[in-house]
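Here's a sequence, model it:
(5 chains, ligands or ions: 4)
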Amino acid sequence: MISIKNLHKSFGELEVLKGIDLDVEKGQTIVVIGPSGSGKTTFLRCLNILEKPSDGTVEIGGLVADFSKPMSKKQIMAFRKQSAMVFQHYNLFPHMTALDNILEGPVTVQKKDKAQAKEKALALLDKVGLSDKADSYPHQLSGGQQQRVGIARALALEPKVMLFDEPTSALDPELVGEVLQVMKDLTQEGMTMVVVTHEMRFAKGAADEVLFMDSGRIVERGTPDEVFNRPQEERTKRFLNLIQDTDTI
Amino acid sequence: MISIKNLHKSFGELEVLKGIDLDVEKGQTIVVIGPSGSGKTTFLRCLNILEKPSDGTVEIGGLVADFSKPMSKKQIMAFRKQSAMVFQHYNLFPHMTALDNILEGPVTVQKKDKAQAKEKALALLDKVGLSDKADSYPHQLSGGQQQRVGIARALALEPKVMLFDEPTSALDPELVGEVLQVMKDLTQEGMTMVVVTHEMRFAKGAADEVLFMDSGRIVERGTPDEVFNRPQEERTKRFLNLIQDTDTI
Amino acid sequence: MYLNSIFSNPERLERLGDIAQSSFLPLIEAAVQFTLPLSVISFILGLFLAVVTALARISTVRVLQWIARVYVSIIRGTPLLVQLFILFYGLPTVGVTIDPFPAAVIGFSLNVGAYASEVIRAAILSIPKGQWEAADTIGMSYSQTLRRVILPQASRVSVPPLSNTFISLVKDTSLAALILVTEMFRVAQQIAATNYEFLLLYGQAALIYWIICFLLSLVQGRLENRFDRYVSR
Amino acid sequence: MYLNSIFSNPERLERLGDIAQSSFLPLIEAAVQFTLPLSVISFILGLFLAVVTALARISTVRVLQWIARVYVSIIRGTPLLVQLFILFYGLPTVGVTIDPFPAAVIGFSLNVGAYASEVIRAAILSIPKGQWEAADTIGMSYSQTLRRVILPQASRVSVPPLSNTFISLVKDTSLAALILVTEMFRVAQQIAATNYEFLLLYGQAALIYWIICFLLSLVQGRLENRFDRYVSR
Amino acid sequence: GSSDNADNTESGSSTEGETDLLAEIQEEGTLVIGTEGTYPPFTFHDDSGELTGFDVEIAREVADRLGVEAEFLETQWDAMFAGLDAERFDMVANQVGINEERQESYDFSDPYITSTAVLVVAEGNEEIQSFDDLEGKLSAQSLTSNYAEMATSYGAELEGVEGFNQAIELLVSGRVDATVNDNLTVLDFQNQRPDAGIKVVDESGDAAQSALLFRKGNDTFVEAANEALAGMIEDGTYEEISNKWFGENVLE
Ligand SMILES: Nc1ncnc2c1ncn2[C@@H]1O[C@H](COP(=O)(O)OP(=O)(O)OP(=O)(O)O)[C@@H](O)[C@H]1O
Ligand SMILES: Nc1ncnc2c1ncn2[C@@H]1O[C@H](COP(=O)(O)OP(=O)(O)OP(=O)(O)O)[C@@H](O)[C@H]1O
Ligand SMILES: [Mg+2]
Ligand SMILES: [Mg+2]
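Numbers count the residues shown, from 1 in each chain, chains lettered A, B, ... in the order given. Ligands and ions are numbered 1, 2, ... in the order given. The predicted model follows:
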């Protein structure tokens, strides 16, 4: 489903991604972990071309983007359709209700029939457990609810791949679970997902593979069990010590 | 050191604290946990009179405040001096260097000798591991560093009690440890502390007592082991399930 | 002194009352016929211009940026009176003759355009980057993003400063007299010129301006409330 | 037409050149002697007034709130020209006679005070509540908090809108002519009144205003940079 | 402030006209006249809001005699000249005093009014009885007018103003000691505001003349206007208008 070769990204002088290679099968869930500034967000954004990679190729769902060549706006748009992004801070449109947020993509952009799109949007709201919140504005929703609307908005685009950038790290501790539950449901339905998160319970329970990124490279990869319990690299061990419930302090 | 009796706080109609009673010995560290909106922040703020409690009495370090009666500005100021607050979002003064942030209390408010205060401030910076950052502005520091400056600023006031309101919840996962370490050092030096946090590793490693708050009341209390591993109340169990690394999902 | 003489002099008091009464209608008429339409039309056109200018300023095309910059700098840096003067008395010397009312509308619109563009630019820049990205992600084009995501939110932030711009505009329309538009302040001058009660007539005009501005502040409050529907406090 | 006639008429061209040359010095003189000092003094006094008014508006004392509200509403709701008129020609009728320059300073300061108070109020309100609380926690009094924590930060946010206020003020000083202050625009009028080249003289005055405003924008940039020392981008 | 009159020079000879403005006006059927509209009794709005006054009626009569409609456009002093330059108006009728400076830039018709200068002071002022008492006193004058020169010649300090209205405000608010101005203007003011607290203490023998103002280079048009003026003086129309506004003939 996803095939990434030699992906590079620089901001001016600063090389943030130093050659990423990755293949993801349809239906797989990949969890990406790593210290702040290691390039996790940049990596995800490159897959959705929110940042234009400097070099490399990415294939998603059969469509290939070669970033060593210039791309037209149209090509970018087409490629971007393959995936949908869920943001750390939800980024819902505050002036639209939950329903309108979800409809914006299908109706305004994809010009789908409004009645049908609405039916589908309501089904999505139901799926994320918010059928009663269709007419609420984002500010009337809790963080967890907003993030679930964010997931529904992404799903409404019918992407082949879902990208999550720390979807729960802005949430109060007791609201994290509800969002992770929705994500786990998606995994089980066979959605292909790339998830940046430090939530161990999600990684352990849902990831097919865990990548540890550092300084723009994938330093270690393997099953959750391999990476969390038997890390090979010093850097991985150090990082896991910092974020895990161990007795470093 | 602290003795709280029948502490009440209402915002208009909304009663947020419904009678809190608590005694803390000198040198004890109390950890407060509980769901969002349960009143944890309000409770801390009442101890520093950032919110004026509606009723009850609080004694800190021998000074008693009776909130059933009106208090003069002077009384409030005097009482506030007993404790110092560390905020979730650090609340450093962005237009002052780290050193100036720390000096502001002793020099501007307490009118201490500037040279002496500076010496002490530098010692405090050293203590929180930031002796090289004295002249940095907050925006030049990482979140963890800013929070450590926040702690140093509070310590510079020489309070009898330190209050922490989710001091690490705005931090990147790998920066949490450095702040917790500083806090743990304080515990070991015999500082009296009330800490709102959901960091299990701190609670388990440093707390003398854990309080579980819900809806403005202390619902359960005990040693970390008692509260985390053998909670008695249904509400406590539900909450711990939500925030802990269990297999709810 | 003078005021004493007014109150100790019932005749004069009566005269002032008469003048005030009889001049009120013509003032209101002029306000309704010229001051208000001139303000409203210029404001609406100016807003369009302002949005375009703001977009030019934040665009990545250097030439557009510079055109916008120069326009804003000239308009904000020189007195409105001189701008109107040049527009109305200067342009005919190069063969362009515009009638008073349209010339006034052009002059005031250009003015509003420059001032409001800064407000709108700031408002657009204040919308979090995440909103642009969310729009990108769902596949919106630049213009769709602007129309459906950015400008509706920017409007909310812009209401108070734009109402300032409008308030200034309402009062600035008094300069239209210079280019032959008989707006309210001109009428006050005309009336005062015959009875020499400048203080009285100017005071009356000021009162009407104040009422307009007051009504405007009510509208502003309404708009803010409407927008607040989707903004938490 | 007319312009053609200028260029096809070297005598006229020469005459315009001569006038422009000879009038430049008196204009600059007037700008330096009156326009600038009037602007600067009024702006500084106005800022003080603005801070006080802003504090009154956000205070919890109802009476102060209302005084501030009424003051701002009246000043913003009525034309500056009328305010100056009343101040200079109205007050003597109740026995208060103020000299031209001080009267101008009072009028313009009152004006700046009202407009800038809204800017400063917004700036103060934009400082996160956490800053007030942090100051409370370390034991600061209200006035210490204001002086050492809030106003320094509010200044940063206020620079661009206040520079707008200043730009408007510089141009508004032309109204001081009404109350006998011979500022630059008045000088332009005087010169034009003898040679009837109003367009030329007004254009020259506009150029000088523009230069002042341009210099001001440089100062603004500097100030912003200085404040940015402690603000991440 | 348009009451500034000057010495009695003949209107200067003009440069050659390019297009014949007179023909244009007659073809269009309207004569566009610039005026202030705030300067009674010469050009102002009556109680019903209609533009009227001595200059307005004279100008209207001129238009009549040229066989065209008069159209008045009102604006302030500076814009009146700019408007004439910009061809927004064909002519200005606003009691514009004839003086050399103006003649350099514009053409005048034959004078149609002669007025004298009067000295005005506040009512309580007993110090100033005549022009000679102006020595060292502060007088409010339009700086470009001949009255300014006159006041200076008697040793007065000047306070520059934009017009008669402002001069009166200054006088009434006690900021100046005196003002020298057109007798007709002062008369109208006194009629309107008998209790304003000013008085006329002296009148000068020197007379000043005002005329219609034109762009340079339209000699045929100026001549036609002159003919019209001469015609109305001859057949008594002028006297009628003059009597209506001043109760006397103000031609000389
Ligand atoms: N638009 C940009 N311009 C310049 N540098 C950038 C930009 N975006 C990111 N960077 C830099 O790229 C590096 C990687 O950033 P990125 O956000 O991808 O890290 P991350 O792993 O997502 O970190 P975090 O855990 O803090 O979200 C950082 O050094 C960051 O400062
Ligand atoms: N200034 C205030 N005015 C009105 N209501 C308030 C105010 N501050 C807090 N509240 C309300 O009081 C209740 C308790 O808030 P508090 O911030 O103490 O909770 P908390 O336990 O700290 O929650 P969190 O974990 O989200 O920080 C909430 O319902 C909140 O909305
Ligand atoms: Mg990231
Ligand atoms: Mg809290």
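
and stretch A:66-80, what's its mean pLDDT?
Stretch A:66-80 shows an average pLDDT of 93 in the prediction.

what's the closest non-adjacent residue to residue 125?
Chain wasn't specified; assuming chain A. A:Ser131 (5.3 Å; C-beta to C-beta, 6 or more residues apart in numbering or on different chains). (Each C-beta comes from the backbone N, C-alpha and C, glycine too.)

that's the other chain; I wanted chain E
Across the structure, with C-beta to C-beta, 6+ apart as the measure, the residue nearest E:Asn125 apart from its sequence neighbours is E:Asp177 (6.9 Å).

That neighbour: neighbour count?
Close neighbours of E:Asp177, defined as other C-beta atoms under 10 Å in any protein chain shown, add up to 22.

so what's it up against?
With contact taken as C-beta atoms under 8 Å, 6 or more residues apart in numbering or on different chains, E:Asp177 is in contact with E:Val121, E:Ala122, E:Asn125, E:Glu127, E:Ile128, E:Lys137, E:Leu138, E:Ser139.

From chain E, how far off is the residue nearest to A:Leu125?
With the distance defined as C-beta to the nearest C-beta, to the nearest Å, A:Ser131 ends up 67 Å from chain E.

Nearest the geometric middle of chain C, what residue?
C:Leu169 (2.4 Å; C-alpha atoms, centre = their mean).

Point out where the stretch 1-150 of chain E drops to low pLDDT.
Within the stretch 1-150 of chain E, the set of residues satisfying pLDDT under 70 comprises E:1-19.

One more pass at 50, please.
E:1-17 (pLDDT under 50).

those strands in it, which residues are they?
Using DSSP state E, counting those that start in this stretch, the strands of the stretch 1-150 of chain E run over E:30-35, E:44-45, E:51-52, E:69-74, E:91-97, E:106-108, E:113-122, E:138-141.

how close does the residue nearest to A:Leu125 sit to chain B?
Plainly put, A:Ser131 is 21 Å away from chain B if you go by C-beta to the nearest C-beta.

Repeat that for E:Asn99.
The span separating E:Asn99 from chain B equals 63 Å under the rule C-beta to the nearest C-beta.

Now for that residue, how many residues are close by?
22.

again with the one 5 residues further on
Residues near E:Glu104, counting by other C-beta under 10 Å, number 13.

Same question for C:Pro10.
If you count neighbours by other C-beta under 10 Å, C:Pro10 ends up with 9.

Which residue is the nearest non-sequential neighbour of C:Ser126?
Leaving aside its sequence neighbours, C:Ser126 sits nearest to C:Val157 (C-beta to C-beta, 6+ apart; 5.6 Å).

check contacts around that neighbour.
The contact partners of C:Val157, by C-beta under 8 Å, 6+ apart, come to C:Ala122, C:Ala123, C:Ser126.

Name the helix or strand for it, please.
Under the criterion of DSSP states H and E, C:Val157 resides in helix C:151-172.

Past that helix, which element shows up next along the chain?
helix C:184-195.

Name the residues that touch that next one?
Under the contact criterion C-beta under 8 Å, 6+ apart, helix C:184-195 has outside partners C:19, C:23, C:26-27, C:29-31, C:34-35, C:173-174, C:176-177, C:182, C:198, C:200-202, C:204-205, C:208-209, D:79, E:37-40, E:44-46, E:49, E:74, E:165, E:192-193.

so how far is it from its chain's centroid?
Helix C:184-195 has its average C-alpha position 22 Å from the chain's average C-alpha position, going by C-alpha atoms, centre = their mean, to the nearest Å.

ok, now stretch E:227-240?
On C-alpha atoms, centre = their mean, the centre of stretch E:227-240 falls 19 Å from that of its chain.

Render the CA-only coordinates of that stretch in PDB, please.
Once side chains and other backbone atoms are set aside, the C-alpha atoms of stretch E:227-240 remain, and they are given as PDB (Å, rounded to 0.1, in the frame of the first residue of the first chain):
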ATOM      1  CA  GLU E 227     -20.700  93.100 -21.700                       C
ATOM      2  CA  ALA E 228     -23.300  91.300 -19.600                       C
ATOM      3  CA  LEU E 229     -22.200  93.300 -16.500                       C
ATOM      4  CA  ALA E 230     -22.300  96.500 -18.400                       C
ATOM      5  CA  GLY E 231     -25.700  95.700 -19.800                       C
ATOM      6  CA  MET E 232     -27.200  95.000 -16.400                       C
ATOM      7  CA  ILE E 233     -25.700  98.200 -15.000                       C
ATOM      8  CA  GLU E 234     -27.100 100.100 -17.900                       C
ATOM      9  CA  ASP E 235     -30.700  98.800 -17.700                       C
ATOM     10  CA  GLY E 236     -31.000  99.000 -13.900                       C
ATOM     11  CA  THR E 237     -31.000  95.300 -13.200                       C
ATOM     12  CA  TYR E 238     -27.800  95.800 -11.300                       C
ATOM     13  CA  GLU E 239     -29.200  98.500  -9.100                       C
ATOM     14  CA  GLU E 240     -32.200  96.400  -8.400                       C
END
